[in-house]
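K.L.:
The sequence and its predicted three-dimensional model are supplied below.
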Amino acid sequence: MAPSTDTADTSADLELVERLRAGDEAAFMDLVDRLGPSMRRVARMYVKTDAVADEVVQDAWLGVLQGLHRFEGRASLRTWIFRILVNIAKQRGVREGRSVAFASLAGDDLDRPSFDPTAFLPAGDTWAGHWSTLPFDWRGVPEDRVDANELLAVIGRTLEALPPLQAEVLRLRDVAGWSTEDIRNALDLTDTNQRVLLHRARGKVRAAVEAYMRSVAES
Amino acid sequence: MSAELTCAEVVELLSDYLEGALDPAATSHVEAHVADCDGCTMVLDQLRETIRLSGEVRESALARDQRDTLLTAFRRHHAGA
């Protein structure tokens, strides 16, 4: 039941690289459109301004074009591109005198529970750790009362408010459908960190959907 | 991990469960708990629904001038290559 995975396909990657090397503009712009927004957000994690992030993204694409002949398909193309991006962004951040701690990108709440502890019965109770207050059950909310656009806007605003690495891991996994392996390699995360970041982000988005559904039911 | 998980423990494992990232023992502990627990079944369904909804979020488009700059760079790279 895992989300659909946009599997990185080595032969498709190598074919795309050939087209890029042959000067196929449509193929290049398709790749730019697919990866660009995420690359910009990732670059912005390491540098001070949007303008510098745009420069980093441009430098990264130049690095990609210049290095295409070295791409061997050992990593997926998108992972390889993101590694180039992250390296350039980190170097640029260092030159700006901006050192970015992992915790400031990942959030300081990774080991916090995803539900308020009062949702569960306290220690000492026969049923300690089991539900005392269930989340709002939104299955009863009639579909025609749910504004789909507003609900997606709620999710979008929730992502904007998340620590940047939590948001980006969720975007790459659940919005763009990347494999967890590609996300880990692209963003230079350990397996554990990738899973915890995704778990935290999904928990907050679930809570935001729950709050929206409750507000609809009570309106 | 004890075989009997509490709800508070199970909810922290559901994302990994959906990712197929739990080991077989933990997977069966989660499944055994969820099968017996309406609350955790609901939260698991809500998480699935959340993931499905996230998949409908539209990615922002790249700014036109950024696109133009990159296309120019691509052309220049090929003219020079």
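P.N.:
Perfect, thanks for sending it. Residues are numbered from 1 along each chain as shown, chains lettered A, B, ... in the order given.

K.L.:
Look up phi and psi at the residue nearest to B:Ser60 when sequence neighbours are not counted.
P.N.:
Take B:Ser60 and drop its neighbours on the chain: the residue closest to it by Cβ to Cβ, 6 or more residues apart in numbering or on different chains is A:Pro37, 4.9 Å away. C-beta: built from backbone N, CA, C; applies to glycine. For A:Pro37, the backbone dihedrals (degrees, to the nearest 10) come out as phi -60, psi -40.

K.L.:
Tell me how many other residues crowd the residue nearest to A:Val209 when sequence neighbours are not counted.
P.N.:
Using Cβ to Cβ, 6+ apart and skipping the chain neighbours, the partner closest in space to A:Val209 is B:Thr50 (5.5 Å). By other Cβ atoms under 10 Å in any protein chain shown, the residues close to B:Thr50 number 23.

K.L.:
and B:Thr50, what element?
P.N.:
Remark: B:Thr50 resides in helix B:38-54, with elements defined by DSSP states H and E.

K.L.:
Would you mind putting the CA coordinates of the helix or strand just after that helix into CSV?
P.N.:
Next helix or strand after helix B:38-54 toward the C-terminus (DSSP H and E): helix B:64-80. In CSV, the C-alpha atoms belonging to helix B:64-80 read as follows (Å, rounded to 0.1, in the frame of the first residue of the first chain):
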residue,chain,number,x,y,z
ARG,B,64,9.5,32.3,-16.7
ASP,B,65,12.8,34.3,-16.5
GLN,B,66,14.5,31.4,-14.8
ARG,B,67,13.3,29.0,-17.5
ASP,B,68,14.5,31.4,-20.2
THR,B,69,17.9,31.7,-18.5
LEU,B,70,18.3,28.0,-18.4
LEU,B,71,17.2,27.5,-22.0
THR,B,72,19.7,30.1,-23.1
ALA,B,73,22.4,28.4,-21.1
PHE,B,74,21.5,25.1,-22.7
ARG,B,75,21.7,26.6,-26.2
ARG,B,76,25.0,28.3,-25.4
HIS,B,77,26.4,25.1,-24.0
HIS,B,78,25.6,23.3,-27.2
ALA,B,79,26.8,26.0,-29.5
GLY,B,80,30.1,25.8,-27.7
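
K.L.:
quick one: is helix B:64-80 near chain A?
P.N.:
Yes: among the residues of helix B:64-80, B:Gln66, B:Arg67, B:Thr69, B:Leu70, B:Leu71, B:Ala73, B:Phe74, B:Arg75, B:His77, B:His78 lie within reach of chain A under Cβ under 8 Å from any Cβ of the partner chain.

K.L.:
For ChimeraX, write the select line for the buried members of these.
P.N.:
Of the residues of helix B:64-80 next to chain A, the buried ones go into a single ChimeraX selection, burial set by 16 or more other Cβ atoms under 10 Å in any protein chain shown:
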select /B:66,69,70,73,74,77,78
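
K.L.:
now what about the helix holding B:Thr50, what contacts it?
P.N.:
Outside helix B:38-54, the residues that touch it by Cβ atoms under 8 Å, 6 or more residues apart in numbering or on different chains are A:1, A:3, A:130-131, A:134-135, A:137-139, A:151-152, A:155, A:170, A:174-175, A:202, A:205-206, A:209-210, B:7, B:10-11, B:14-15, B:17-18, B:33-35.
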